[in-house]
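Asks: kindly return the folded structure for what I paste below:
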Amino acid sequence: MIVVMGATGTIGSALLNRLIELGVPTRALSRTPEKLQMLMGERAPSTVEVAAVEAADPESLRRAFAGANQLFLSLSNSPNQVELETSMIHIAAKTGIQHIVKISSPAYNEKAPVAVAGWHQEIESALSESGMKSTVLRPYAFMQNLLRFAPTIQSQHVFFGTLGETACNFIDCRDIADVAAKVLTHPEKAGRVYTLTGSEVISYPQIASKLSQLLDRPITYINKDSEVLRRDLMEYGNMPEWLASHVVEIQAMSVAIPEKPTDDVWRVLGRVPRKLDAFLHEHIEKFR
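Replies: The predicted structure follows:
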């Protein structure tokens, strides 16, 4: 039995779909199980059990983990993430979980510190010390996060950032989910750290050019000062301060530390990652 923590998230929902296709016994967890059940609809097979869980409630976690031997651990980033995930790891170890697949972040680097990466570093240490088998997935920027630019692209034909001409790694969350499914169902692939990227690095100006062609109108990327972007994300994007700081920090990391693709997706799946061109074409109506 595989427990999927974060089954309504972007990666977790894609993983759940893949496990359904594979016919693997799965327990999908959610704070709102009714919503998850509704999303699954009539296609929910007998191999999937939907259960309610509160990440901060140890008793609900013990119930959710009981009888399972593997846990997919993916929580939304938050200031209490270290506390929550570390608690889950300890509870999992005591309830019989033998293998945890954790969604982490690019490795923490003192040259360009990212607070959230530091949190994940602490959690990875706790996971290593737990004695359980673990697989750590460290994905770079999600293609799905580009959809957050849709409102200003629709209304102003622009999007903003602090990356300049820097080319970055992007990965489709469905590839992350496919890697997770593979290591959960093929023990020989598990027990490692995988750094997950697409097969190419792409800059924001290049993305603007691709969108311009697909939308048949000029789309412009506007580079901003990091403090200006942080302020705008809080004022106009309604982001909490920690999240606005995270967006600025990860972009500063990309500028300070040149990125290049890895072959980890290929090593696990035996195929190349999905292309950004295909992702943009698939979702182009959201930008229109």
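
Asks: residue 214: what's it in contact with?
Replies: Applying CB atoms under 8 Å, 6 or more residues apart in numbering, we find residue 214 in contact with 280, 281, 284, 287. For every residue, glycine as well, the C-beta is placed using N, CA and C.

Asks: hang on, I meant residue 93
Replies: Counting by CB under 8 Å, 6+ apart, the residues that residue 93 touches are 130, 131, 132.

Asks: now the buried members of those.
Replies: 130, 132 (16 or more other CB atoms under 10 Å).

Asks: now tabulate the contacts of residue 93 in a markdown table and tack on secondary structure, pLDDT and distance to residue 276.
Replies: Formatted as a markdown table, those follow (DSSP: H, G, I helix; E, B strand; the rest coil; pLDDT from 0 to 100; distance: CB to CB, whole Å):
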| residue | secondary structure | pLDDT | distance to residue 276 |
| --- | --- | --- | --- |
| 130 | coil | 91 | 36 |
| 131 | coil | 89 | 39 |
| 132 | coil | 92 | 35 |
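
Asks: farthest pair within the contacts of residue 214?
Replies: The span of the contacts of residue 214, defined through CB to CB, is set by 281 and 287 at 10.8 Å.

Asks: select from the contacts of residue 214 every entry located in helices.
Replies: 280, 281, 284, 287 (DSSP state H).

Asks: burial measure for the last one, as a count.
Replies: What it means is residue 287. Neighbour count of residue 287, defined by other CB atoms under 10 Å: 19.

Asks: for the stretch 1-150 of the chain, what spans make up the strands?
Replies: 2-5, 26-30, 48-52, 70-73, 99-103, 133-139, 141-142 (DSSP state E, counting those that start in this stretch).

Asks: angle of the lowest-mean-pLDDT helix or strand in the chain against strand 48-52?
Replies: For the chain, counting by mean pLDDT, DSSP states H and E, helix 33-40 ranks last in confidence among helices and strands (a mean of 73). Inter-element angle recorded for helix 33-40 and strand 48-52: 150 degrees (by axes from the mean of the first three to the mean of the last three CA atoms, to 10 degrees).

Asks: packing partners for helix 33-40?
Replies: In terms of contacts (3 or more CB pairs under 8 Å, 6 or more residues apart in numbering; DSSP states H and E), helix 33-40 is packed against strand 26-30, strand 48-52.

Asks: recalculate using a threshold of 10 Å.
Replies: Helix 33-40 sits against helix 10-22, strand 26-30, strand 48-52, with contacts defined as 3 or more CB pairs under 10 Å, 6 or more residues apart in numbering; DSSP states H and E.

Asks: quick one, helices of this protein?
Replies: Under DSSP H, the chain gives helices at 10-22, 33-40, 58-65, 81-94, 115-129, 150-156, 173-185, 204-215, 226-235, 241-256, 264-269, 276-282, 284-287.

Asks: now the fifth one: mean pLDDT?
Replies: Pointing back at helix 115-129 there. The average pLDDT for helix 115-129 rounds to 93.

Asks: which parts of it are buried?
Replies: Residues 116, 117, 119, 120, 123, 124, 127 are the ones in helix 115-129 that count as buried (16+ other CB under 10 Å).

Asks: and that helix, how far from the chain's centre?
Replies: With CA atoms, centre = their mean, to the nearest Å as the basis, helix 115-129 stands 16 Å off its chain's centre.

Asks: perfect, I'm done here.
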